[in-house]
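Visitor: Model the following, please.
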Amino acid sequence: MARPRTHDEALRLKLLDRAGELIAADGPKALSLRKLAADAGTSTTAVYSLFGSKPDLVNALYTEGFRRFGARMARTPLTGDAVEDLVALGRAYRASALADPHLYGIMFTRSIPGFEPNEDAEQLARETLKPLERIIRRAIEDGVFADVPPETVAVGCWGIVHGLVSLELTGNLPEEFDVTESYERALRANAEGWLRPQNSDSNPS
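Guide: Predicted coordinates for the structure are as follows:
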């Protein structure tokens, strides 16, 4: 009799979280399928049956990370105000990273040398940024943001959030640093910096 799919899904998520923790703590060489199975209280046969190979497992980690990230981004309430909405997405980005720090490096820092996500995983990753792209394109088309390539604004926004989140996750910020307040002020300053001059007075910080 086949095992219930709910059992397989619960085990799959448990294995993925533990695999991400091993990599985050000790690097990619720490990812032994035998150790992973033992830590999760299962067999290496179960690991292979769920994922296939170690590269497939890493691809599943990447995919799961972006699945969780995309769900959080998609359910972020938006107002139609470009500045406020970019700040809201920035908060969601940080919340996702703090919720799954063991997946963040695999998703955004190429922490596993030689790993390349497959086509489906790459497509999923791109889809997660669609809310950001829509806000930016609409703001430029409506004359709210400066008339620059949308990709320029998107990369600028990503640079701010990724840089600050990475510093926070790696413990490289001073202990007395108010991360939450400073992060939001940085998000808002970045977003307001893209406003056209005639709109710059309509979004006070």
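Visitor: do you know how far I112 is from P197?
Guide: Counting by CB to CB, to the nearest Å, the gap from I112 to P197 is 45 Å. (Glycine included, C-beta is placed from N, CA and C.)
Visitor: buried stuff in whatever helix or strand A139 lives in?
Guide: Secondary structure from DSSP states H and E places A139 in helix 130-141. For helix 130-141, a neighbour-count test (16 or more other CB atoms under 10 Å) marks P131, L132, I135, I136, A139, I140 as buried.
Visitor: E122 versus the third one, what's the distance?
Guide: Between I135 and E122 the computed distance is 22 Å (CB to CB).
Visitor: now the fifth one
Guide: Distance, A139 to E122, using CB to CB: 26 Å.
Visitor: ok, now the fourth one?
Guide: Noted for I136: a distance of 21 Å to E122, by CB to CB.
Visitor: can you check M73 too?
Guide: Applying CB to CB, the value for M73 to E122 is 17 Å.
Visitor: Report how many residues lie close to Y104.
Guide: Neighbour count of Y104, defined by other CB atoms under 10 Å: 22.
Visitor: For this protein, which segments count as helices?
Guide: Assignment of helices within the chain using DSSP state H yields the ranges 5-26, 33-40, 44-51, 54-74, 82-99, 101-108, 119-127, 130-141, 150-169, 179-193.
Visitor: Would you format those as CSV with mean pLDDT included?
Guide: Converted to CSV, those look like this (pLDDT from 0 to 100):
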stretch, mean pLDDT
helix 5-26, 88
helix 33-40, 93
helix 44-51, 92
helix 54-74, 96
helix 82-99, 97
helix 101-108, 94
helix 119-127, 96
helix 130-141, 97
helix 150-169, 96
helix 179-193, 96
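Visitor: Which pLDDT value belongs to P174?
Guide: At P174, the model reports a pLDDT of 89.
Visitor: Phi first, then psi, for it.
Guide: Per-residue torsions, P174: phi -60, psi 150 (degrees, to the nearest 10).
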